[in-house]
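Colleague: Predicted model and sequence follow; I will ask about them next.
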Amino acid sequence: MSSLSANDLHKIFTKLDKNGDGLMSIDQVKWLLERIGFHTTLEELQRLVGPTTSLDSIDFFIFYDIVVKSNIGRSNQTNSFDGDLAEAFKVFDLNGDGFISCEELQKVLSRFGLWDEREGRDCKSMINIFDTNSDGLLDFEEFRTMMVSSS
């Protein structure tokens, strides 16, 4: 899992804080973790965050940082970098055809609150940067190249 910028984390937090109270419930944290490939029970998650039932933005940023660092450590110990990338690829490959299309990329980025049409980003140009065979799609190797170059 690659690290997200503070701006990206803020967007995610704001998107998940639907009632605007500045807090993210443990259920929302669990939902987010499942979306990025970490499956855990509420009990396990509760042990990680302690007695609190929600996280404010600072707690969320710290929690995310701990999860990323522990995942990087685990990946280094088990040499499962490609396995982690394969799991991340599955998150984006919504129809399971082995390719990431522009539409799939946009849907996943939107789901995480990272797509803003007003910014004028064009997912086709994002894909074209790493689309070595010019088919308009990202296969796993192209996705891997993209993730390695962005880390």
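Modeller: Everything's here; your move.
Colleague: where do the helices sit along this protein?
Modeller: Taking DSSP state H as the criterion, the chain carries its helices at 6-16, 26-35, 42-49, 57-78, 81-92, 102-111, 123-128, 140-150.
Colleague: For the second one, could you pull out the residues that count as buried?
Modeller: If I follow you right, that is helix 26-35. Taking 16 or more other CB atoms under 10 Å as the basis for neighbour counts, the residues of helix 26-35 that come out buried are 26, 28, 29, 30, 32, 33. To be clear about C-beta, it is placed using only N, CA and C from the backbone, and glycine gets the same treatment.
Colleague: which residues touch the fifth one?
Modeller: Neighbour list for residue 32: 12, 16 [criterion: CB atoms under 8 Å, 6 or more residues apart in numbering].
Colleague: what about the nearest residue to residue 64 once chain neighbours are set aside, neighbour count?
Modeller: Spatial nearest neighbour of residue 64, chain neighbours left out: residue 9 (6.0 Å); criterion: CB to CB, 6 or more residues apart in numbering. A total of 17 residues lie near residue 9 under the criterion other CB atoms under 10 Å.
Colleague: Check the gap between residue 9 and residue 84 for me.
Modeller: Using CB to CB, to the nearest Å, we find residue 9 at a distance of 19 Å from residue 84.
Colleague: what's the answer for residue 110, then?
Modeller: Taking CB to CB as the measure, residue 110 falls 23 Å from residue 84.
Colleague: quick one, which of these two is more surrounded?
Modeller: residue 84 (18 against 13).
Colleague: now the more buried one: how far from residue 98?
Modeller: 18 Å.
Colleague: Over to residue 107?
Modeller: If you go by CB to CB, the gap between residue 107 and residue 98 works out to 17 Å.
Colleague: Also residue 92?
Modeller: Using CB to CB, we find residue 92 at a distance of 11 Å from residue 98.
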